[in-house]
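**Student:** need a structure here:
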Amino acid sequence: MSDIIRRDPRAEWIARNRLHPLHAAMQPVQQSWMGPNGVIRKNVHGVGFIGPNGIKRIDRSGAQQGGAAKRTAAVQVQLPLPLHQVAAPAFYINVVPDMVGGRLSSHDRDVLGLARQLAGNDGAVLAVVFGEHKENAFATAGVDRLLVLDGHEFDGYSPEQRVQGLRAVDNQFNPRHWLLPDSRSGGGELGRRFAASLKERPATRVWQIKGESCIGRAGAGQEDLARPLPRLILAAVECADPVSETRHEVSPVELSTTLARSLPRIEDLGAVAVDPAAIPMAEAEFIFSGGNGVKDWALFHQTAAALGATEGASRVAVDDGFMARDRQVGASGTWVTARVYVAVGISGAIQHLQGIGACDKVVAINLDPGCDMIKRADLSVIGESAAILHALIAAVEAYRNGAKRDAA
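**Tutor:** Okay, the predicted model is just below:
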């Protein structure tokens, strides 16, 4: 067989055509990511792409467009990932993901990747989820067994009841290790409470495991602390690579005993209303950002208030005086890590795309279907921004009115 690598014109065409159903699958992995200290790291060897004429070009959209033949990616589209099954697990590695918004976060996937390494071929990764969830990608995240602890007692802030549930899971499955994300979203506190109830000392802010030892952050994140690997591990961001090469069976399991509702000493009074404008841009989870395409700024502010989002802006909008300088998003402004970022009338300059590189979901509203922001966005709406914002406000009001009628 010849070793000559031949071009695949069809694969190249799919990689250039954003509207093709297989376009997303033909793109390479993300070239930038956020490190555990909040510093954006980049793969300097992966910038740009090779065009059809063999010339290296710069991709301003943040995703590879076109390039050489990617027959391997095409095969991955056609063939499903190999199924990893563990019929009779020799042991369990239990993971309690944060499940912010009912879905796995990037931190959760890193922890599941670490659990997959500890489980090997003989062990099974058991994910413990509290309450209802919206996640349908447990199979590709490395979960072999799924245990859902459902009930109103787990709603809201209920650390005591959740610790009691984890104690019941620990008694039934006796896992070799417990893994929780060491995050501000609940995993850090729950893990420490659970460790105190077990009278065990956990390893915190762990970012690497080698054999029977682990390395965690210490000294305000400036030093590394090595210690023997304990049973309870609170893992930091980027503790391991997420599972990407296998899919798993996600077999449901149940507790053999009924959980008794404990009398809580902590009462959840609900979330405290916070003015979105008072939230720092770098900490905001929902950002509604405007650019040069916004013609009615009063309508823009009204929409942001209706959505309860933190306002942001492009450099052009700030230079024109429509927004304050501290609202500027981008490499020359504030780097943001929002879960949802809505860009209204922003074409997508390279500095702006760099600043939103760590956002989970990007929604773009623009008249130009070929602008770089549309290429970067996970969801795009092509049309006049004023009409779309009016429709958005009406949809939000209808949803809230319907919820009030249902509550009454």
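**Student:** Now the nearest residue to Gly270 once chain neighbours are set aside. Its backbone dihedrals?
**Tutor:** Once flanking residues are discounted, Gly270 sits nearest to Gly156: 7.2 Å by C-beta to C-beta, 6 or more residues apart in numbering. Backbone N, C-alpha and C define where each C-beta goes, glycine included. With angles defined as degrees, to the nearest 10, Gly156 sits at phi 70, psi -150.
**Student:** right, and Gly156 touches Ile266 too?
**Tutor:** No: applying C-beta atoms under 8 Å as the test, Gly156 and Ile266 come out as separate, 10.1 Å apart.
**Student:** Check the gap between the residue nearest to Gly270 and Ala271 for me.
**Tutor:** According to C-beta to C-beta, to the nearest Å, Gly156 and Ala271 sit 9 Å apart.
**Student:** between the two, which one's more packed in?
**Tutor:** Neighbours were counted for Gly156 and for Ala271 using other C-beta atoms under 10 Å; Gly156 has more, 12 against 8.
**Student:** Report pLDDT for the more buried one.
**Tutor:** Listed pLDDT for Gly156 reads 82.
**Student:** what helix or strand is Ala168 on?
**Tutor:** Assigned by DSSP states H and E, Ala168 belongs to helix 159-173.
**Student:** helices or strands up against that helix?
**Tutor:** Other elements packing on helix 159-173 under the criterion 3 or more C-beta pairs under 8 Å, 6 or more residues apart in numbering; DSSP states H and E are strand 92-95, strand 124-130, strand 145-149, helix 187-198.
**Student:** Tell me which residues are up against the helix or strand just after that helix.
**Tutor:** Going down the chain from helix 159-173, the next helix or strand is strand 177-181, by DSSP H and E. By C-beta atoms under 8 Å, 6 or more residues apart in numbering, the surrounding residues in contact with strand 177-181 are 93-98, 105, 107-108, 110-111, 114-115, 118, 166, 170, 187-188, 190-191, 194, 229, 231-235.
**Student:** My guess is Val294 contacts Asp320. True?
**Tutor:** No: if you go by C-beta under 8 Å, Val294 and Asp320 don't touch, sitting 10.2 Å apart.
**Student:** When the two are compared, which one has more neighbours?
**Tutor:** Between Val294 and Asp320, counting by other C-beta under 10 Å, Val294 is the more crowded of the two (22 against 12).
**Student:** Now that one: closest residue in space, sequence neighbours ignored.
**Tutor:** In space, Val294 is closest to Gly345, 4.5 Å off (C-beta to C-beta, 6+ apart).
**Student:** Next one, pLDDT for that neighbour please.
**Tutor:** pLDDT, Gly345: 95.
**Student:** For it, which residues are in contact?
**Tutor:** Gly290, Gly291, Asn292, Gly293, Val294, Ile365, Asn366, Leu367, Ser385.
**Student:** repeat that for 7 Å
**Tutor:** Counting by C-beta atoms under 7 Å, 6 or more residues apart in numbering, Gly345 touches Gly290, Gly291, Asn292, Gly293, Val294, Ile365, Asn366, Ser385.
**Student:** Next, give me the two most distant ones among those residues.
**Tutor:** Farthest apart among those by C-beta to C-beta are Asn292 and Ile365. That separation is 12.8 Å.
**Student:** Looking at these two, which one has more neighbours?
**Tutor:** Taking other C-beta under 10 Å, Asn292 and Ile365 do not tie; Ile365 has more neighbours (26 against 16).
**Student:** That one is in contact with Val344, isn't it?
**Tutor:** Yes: with contact defined as C-beta atoms under 7 Å, Ile365 reaches Val344; the gap is 4.7 Å.
**Student:** what's the overlap in contacts for the two?
**Tutor:** Counting by C-beta under 7 Å, 6+ apart, the shared contacts of Ile365 and Val344 are Ser385.
**Student:** surely Ile279 meets Thr310?
**Tutor:** Yes: counting by C-beta under 7 Å, Thr310 is a contact partner of Ile279 at 5.1 Å.
**Student:** mind listing the helices in the chain by residue range?
**Tutor:** Applying DSSP state H to the chain gives helices spanning 9-16, 71-78, 106-119, 138-141, 159-173, 187-198, 297-307, 315-319, 350-355, 372-376, 385-407.
**Student:** Quick check: which of the ones you listed is nearest to Leu259?
**Tutor:** Evaluated with C-beta to C-beta, the helices of the chain place helix 159-173 nearest to Leu259, the distance being 5.8 Å.
**Student:** Pull out the buried positions in that closest one.
**Tutor:** Across helix 159-173, burial judged by 16 or more other C-beta atoms under 10 Å covers Pro159, Glu160, Gln161, Arg162, Val163, Gln164, Gly165, Leu166, Ala168, Val169, Asp170, Phe173.
**Student:** would you turn those residues into CSV with pLDDT?
**Tutor:** Below are the buried residues of helix 159-173 laid out as CSV (pLDDT from 0 to 100):
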residue, pLDDT
Pro159, 89
Glu160, 89
Gln161, 89
Arg162, 92
Val163, 93
Gln164, 91
Gly165, 92
Leu166, 94
Ala168, 93
Val169, 94
Asp170, 95
Phe173, 95
